[in-house]
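Novice: any chance you can model this:
(chains A, B, C and D)
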Amino acid sequence: MPQVAHPAFLVLGAYATYLLAGYGVDPVLAGLLLTPVFFVFGLGVYQFYYSTFEGRGSDQGLRGIAFFFGVAFIVQVGLILAFGVDQRLVDASYIGTSVEIGEMRIPKRMLVAFGVALALTGSLALYLSRTFTGRAIKAVAQDEGALRLMGANPVRIKRWAFGIATATCALAGALLIIIGPVDPNLDRLYIGRTFCVVVLAGLGSMSGTLVAGLILGIAESIVLTSAGTAWAPAVAFGILLVVLGVRPAGLFGR
Amino acid sequence: MKRFLLGSSGVLALAASMPLVFQNEYFFFAGYVVLQLIVLATAWNILGGYAGYVNFGSGAFFAVGAYTAVALYKAFALPLGLQILAGAAAAGLLGFGVGMLTLRLRGIFFSIATIAVAIVLETVVLNWHYVGGAKGLPTLRPTETPFFASHTVYLFFVMAVIAVIAVGAARYVETSWIGRGLRAIRDNEGAAECSGVPTLKLKLGAATLSGALMGAAGAPYAQYLSFIEPTSAFSLNHAVNALAMPIIGGMGHWIGPVIGAVLLGTVQQVVTVTISSEINVLVVGVLLVVFVVAAPEGILGLFRRFFPRKK
Amino acid sequence: MKIRNLFAAALAALSFAAVAQQPIKIGMSMPQTGALGGGGKAALLALQMWVEDVNAKGGLLGRKLQFIAYDDQTNPALVPGIYTKLLDVDKVDLLIAPYGTNVTAPIMPLVKQRDLLLMGNFSFDVNAQIKHDKWFNNAPWGAGALAWGGPFLDAGQKLGAKTIAIMAADAEFAQNLCTGARAIAKAKGLQFVYDQNYPPNSVDFSSIIRAVRAAKPDLVFICSYPAESAAIVRAVNELGVGPTVQMIGGGMVGLQFAPIMEALGPMLNGFVNYNSWVPEKTMANPAVTEFLKRYSVRAKAEKVDPLGYYLPPFNYAIGQMLEQAVTATKSIDSKVLAAYLHKTEMKTMVGNIRFDTVGEWSTPRVPQAQFRGIKGKDIEQFREAGKQVIIGPAALKTGDIIAPFDKARN
Amino acid sequence: MNLILEIRNLSKQFGGFAALSGVSIGVARGERFGLIGPNGSGKTTLINCVSGVLANDSGSIRFDGREISKLPAYQRTRRGIARSFQIPRPFASMSVLENLLVPLEYVSNGKIEEAHDILRQIGLADKAATQSNQLSQVELRKLELARAMAARPQLLISDEAMAGLSGNEVSEVLEILFKLNAAGITIIMIEHIMQAVMKFSQRIVCLDAGRIICEGTPDSIVQDPGVQRAYLGA
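Specialist: Residues are numbered from 1 along each chain as shown, chains lettered A, B, ... in the order given. Reported below is the predicted structural model:
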């Protein structure tokens, strides 16, 4: 499915967290509280997408992409209209302080974000491999027909998957705003990072995603600290282009 | 063909006579943008509408045209005509490269790759200090423009010429043997290849032409704004406009992108003046989604539905 | 026949009256959102106050002032369009530049081409190359970076600094300032141990601060825009820059804005940064004090920068200069006004100003001040003297620098 | 024997999976040739290699006496190899007639009358103006064949053109293929419907796991124990 609006939902999640944090809610808690809302929102978006494109079977390639592109764009401009182009940030006890280990100082916000992200990825991986629905989600990507034979409705599975993916955006958005300030134009960078990680990992591989994320993160910070700070934005997209060109199946794909 | 030639020379004559009617510079300032959008939308449609490869990186082609022109102007003080040709050539080359991507990438992966190309190039320009890098570069317009009331009017006319060329090229592609081949590629690339369509050649050709036209649209940009800066040259808005206008106008026919661009471009200009520039971008996004959902064949499709042609 | 004559005369009289009553239109774009939006809104309020003040006195040359300001979102690409529209659609008589260097640079070619007067607004060196003779900047730093970076580096030299790290935003203002600072540092024989541009709108500075720390510099000179300045101060607090650093700061835009000062609070302690006006005894004067009192009442109501030290007095000064020039020449013609501005000393509440050939202050005045003793996040504490101690230039100095940086933090 | 298609030692791997290993086949001019084998045995891979949709890893493919294994698919089509697809791939935005105009324009430079002729032969004449995504399953199969015909092939590869059709429809399509063969076109038929392929083919090759397990006349193939094992999984 051509979901290019995902990074926009991520930024939306960050802003929603910002709103809740304004009432004194802890950002991580806010992210968790938002997941059901985003889940339902995701279900709705998919339902709409399904009934207008997939269901009708009308030329979904081009128009499907255009649809999600448009949605991403509306989210972005909507955020600009609602919040302005200024950067927003949240406050919490673990933001702005750090843990000292000898010469090294590690900001606590990074530790929190790292921990939550790890837990989220882990539970998603468990969910996908251990539950029936989880396995069905993995199967639907490969063979819709077979799934139908197993007695599962591919549309419902996809809708569910879309809901979960969108719900993840809420929590990920919360992490995003914990790590640093966000502005509405951020999603463009994250389109690159998201797809870079996914493509690097090979579609559908959870463990690959983790490794690919690490690779990208390390590559970006090497570029930031070494010679060409100004080249950092190109790292994700550069890797993406190279991988797409050389090994479209991803480093860990078959 | 005759009718088209007649029509396009009419359009050019009209553009040339505009200064007699309109005294206000701002009209040309705004009109230029609409013409530029026609070129972008038409160019996008050649690859996106006909061949079905959705390019999200229109901004990159536009900016490559613009920056090629600026660099050559700064280095050799090339006249605008040559700048446009060079900009078109450079962006055409980029188009060829992007066309090579279609060898391996289809659908969403191709689209994402075009975004990647745009961002990588933007970073290159950000670090290219000769043309101002991230801070941008002010460019002085020539103080005198023979035959034209002002430089803005001159640029308006130049863009009108580019627009006519772009639409002419798109029309040729569409109505000639190339058009049917591209449509076959869009519908089913494998079947097209097995029906004797040299898909790679056609895709490369379409991508190159599309890129070159976008580059031509971008080449006068620095002179138009008397300033160039990467963020706006590579702006996502170019990509959204280039994609939204053909979809809203109708992708199947060369007039579709023109309708879309004129309509949306005018609305945008009016909204920018009267309300705000944010709303005007929002208008494009919303219309894009509405049309994709409710009228997949665009305005042309609606028109045909209500006034079916008699056979 | 007679009737027609009468009619024509009436029409002429009418139109004459119309001209006489037509307001003088003053147009500008101002960043009200985006990187410079915070400062822009404060500056805009000061200009609006000036327009109201003048209109309350009956206007200029018997005509009321009409003020037209658009938001340019700190986006340079929007600015040429806005000024073209101001000139061709709104038909304004006088132009003021938007606050900021990157949004001013794009309109310099336009005003030069149309040969119009443009009152500059806290931009830096934008006229250095174009050399438009109708440009007059209200900013106190003069041409080049000598007055700006000088006091910082002088103080550093006195502390015995040998090495310097430079980090700069990849944007017009920061690059110009940095180039100047580099030249001064080189002349002083400082060794560059880190020198990097970072991409505009960066949000995470941890990697960069780590790299700076690893380079063990004596001085850290930073040229940054507001959001980045705040992020850098935060990153420095989290990660530390190491014990070698004597002074850090220099050219950080944003640390003069009340909302950012409020948000950072004690994290600011020890930073040395440029300013335009701080409430120290060497700078205070009754006119500014009176203006700031009026301003802060309005600012609170409109939820903009409540202190208003940095931009508002100087924006009001733009108005005062226009007022003086228009009243003296009885004209709103660009040529006449520019000639007057060049040859006359302008009397404003931020001091008397003479302009040099490129339209900058011929006698610059940039205080470098060190944040000290800031406790908690109460904005009112910044109104006291002694919170931003001026360490240079000598004429304005109100205290000696505390170094190294780690010591100044406590 | 005059061979129109000569495949030697053809191999194709997908990652570590050998889809074809050392397949050699010769097809005579004018022959009706059957290709059978269980699912995943490599039939479709084989014809994808022949038609140029896939590139083979090693081995040679000679068509009409010339090596074609390095040529792109469209050039093979221009030399006279046409195929239909297992799952019909119409040019959905075009009418049935326009579908035929693509190969007519790009391969044979034929006139529009030729397209009408083909449609008449194949029994789609009344659907010429219909948009091709409005067609029924059997009409889509016919369109696949018609479009292949418009390339004026010497060799026609029919990839499961009858899957999912009713008995009557199967005979209808078979009849068309017989007619084409009578007009001098060599035909390779890939089919799961045994009656059809047995009735149609003069000679049959059976693939299993990327290798030829037997070759012969329809009668001998049915008797072959290897074929029986492959199909019955015993």
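
Novice: which residue ranges of chain D form strands?
Specialist: Read by DSSP state E, chain D holds these strands, from start to end of the chain: D:3-14, D:17-28, D:32-36, D:58-63, D:66-67, D:81-84, D:155-159, D:186-190, D:203-208, D:211-216.

Novice: so what's the residue nearest the centre of chain D closest to, chain neighbours aside?
Specialist: Nearest residue to the geometric centre of chain D (C-alpha atoms, centre = their mean): residue D:157, 1.8 Å. Residue nearest to residue D:157 in three dimensions, not counting chain neighbours: residue D:83, with 4.0 Å by C-beta to C-beta, 6 or more residues apart in numbering or on different chains. Every residue, glycine included, has its C-beta placed from N, CA and C.

Novice: over to residue C:173?
Specialist: Closest to residue C:173 by C-beta to C-beta, 6+ apart is residue C:101, at 3.6 Å.

Novice: run a quick neighbour tally on that neighbour.
Specialist: Neighbourhood size, residue C:101 [other C-beta atoms under 10 Å in any protein chain shown]: 28.

Novice: which SSE is immediately downstream of the helix or strand of chain A with the lowest mean pLDDT?
Specialist: The least trusted helix or strand in chain A, going by mean pLDDT, DSSP states H and E, turns out to be helix A:144-149, with a mean of 66. Downstream of helix A:144-149, the first helix or strand assigned by DSSP states H and E is helix A:154-179.

Novice: and the chain, what are its domains?
Specialist: No chain specified, so I'll use chain A. For chain A, automatic domain parsing gives the domain ranges A:6-184, A:185-254.

Novice: oops, wrong one, chain C.
Specialist: Using automatic domain parsing, chain C is parsed into the domains C:2-139+C:311-349, C:146-276+C:367-408.

Novice: which stretches in the chain count as strands?
Specialist: Went with chain A since none was named. A:98-101, A:104-107.

Novice: that's the other chain; I wanted chain B
Specialist: B:137-138, B:227-228.

Novice: for residue C:192, list each beta-bridge partner.
Specialist: Counting by DSSP bridges, residue C:192 is bridged to residue C:164.

Novice: wouldn't it be in contact with residue C:166 here?
Specialist: Yes - between residue C:192 and residue C:166 there is a contact at 6.7 Å, judged by C-beta atoms under 8 Å.

Novice: what do the two both touch?
Specialist: C:182, C:185 (C-beta atoms under 8 Å, 6 or more residues apart in numbering or on different chains).

Novice: so the two - more neighbours on which side?
Specialist: Shown here are residue C:192 and residue C:166; by other C-beta under 10 Å, residue C:166 has more neighbours (24 against 14).

Novice: residue ranges with poor pLDDT in chain D?
Specialist: D:1, D:232-234 (pLDDT under 70).

Novice: let me see the contact set for the residue nearest to residue D:157.
Specialist: Contacts for residue D:83 (C-beta under 8 Å, 6+ apart) come out as B:194, D:47, D:51, D:148, D:156-159.

Novice: sorry, back to before: just name the most buried of the strands of chain A.
Specialist: A comparison of the strands of chain A by mean neighbour count, using mean count of other C-beta atoms under 10 Å in any protein chain shown, puts strand A:104-107 on top with a mean of 16.
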